[in-house]
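> sequence and predicted model, in that order:
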Amino acid sequence: MLALSPPSNVSELEWASIVYWTHNLHCNSIPQVHANLSTLRTIDNLIEEAAEHPNRQKINQLWNEYAKVSQSGFRYREKYLPVRDEIAEAIANQGDSFSDFRSYNDFLVSIRARQNSKQ
């Protein structure tokens with residue numbers, strides 16, 4: 001799972017926060033998607049590529065694709081991309097002393113639990 005596969009230059013919790021915000025982007029964009037099948041395949045392929053080779057560039061490409069397929073995706077990207085990056089940077093600098101550490105840690109714990117239940 002993407003959240004459990006951070007790039008080598010990113011801490012696990014920092015990566016979890018980036019994936020968490022990307023999950024929120026997905027949930028806020030998909031209900032209003034007005035895209036053709038080709039565009040949806042592009043998003044699906046980017047998700048698969050990000051899972052296979054996790055890096056921030058792939059995540060940013062996903063954010064750009066969601067912004068193309070729905071107004072809500074565009075608005076979400078405009079409003080929350082800076083927030084996502086600010087939080088990721090704060091986590092990188094502060095670690096578990098970050099004020100909202102538990103939200104992202106809980107996200108990681110729930111992802112791990114789901115993966116363990118599938119094994």
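Ah, there it is. These numbers come from a predicted model, not from an experiment.

> from the chain's centre, how far out does the helix of greatest length in the chain sit?
Looking across the chain with DSSP state H, the single longest helix is helix 71-94. From the chain centre to the centre of helix 71-94 is a distance of 10 Å (C-alpha atoms, centre = their mean, to the nearest Å).

> go through that helix and flag the buried ones.
Going by neighbour count (16 or more other C-beta atoms under 10 Å), the buried part of helix 71-94 is 72-73, 76-77, 80-81, 84, 87-88, 90-92. All C-beta spots, glycine's among them, are computed from the backbone N, C-alpha and C.

> would you list these in JSON lines and tack on distance to Asn36 and pLDDT?
Listed next are these as JSON lines, based on distance: C-beta to C-beta, whole Å; pLDDT from 0 to 100:
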{"residue": "Ser72", "distance to Asn36": "18", "pLDDT": "88"}
{"residue": "Gly73", "distance to Asn36": "15", "pLDDT": "90"}
{"residue": "Tyr76", "distance to Asn36": "21", "pLDDT": "95"}
{"residue": "Arg77", "distance to Asn36": "20", "pLDDT": "96"}
{"residue": "Tyr80", "distance to Asn36": "26", "pLDDT": "97"}
{"residue": "Leu81", "distance to Asn36": "25", "pLDDT": "97"}
{"residue": "Arg84", "distance to Asn36": "27", "pLDDT": "95"}
{"residue": "Ile87", "distance to Asn36": "33", "pLDDT": "95"}
{"residue": "Ala88", "distance to Asn36": "32", "pLDDT": "94"}
{"residue": "Ala90", "distance to Asn36": "38", "pLDDT": "94"}
{"residue": "Ile91", "distance to Asn36": "37", "pLDDT": "93"}
{"residue": "Ala92", "distance to Asn36": "38", "pLDDT": "92"}
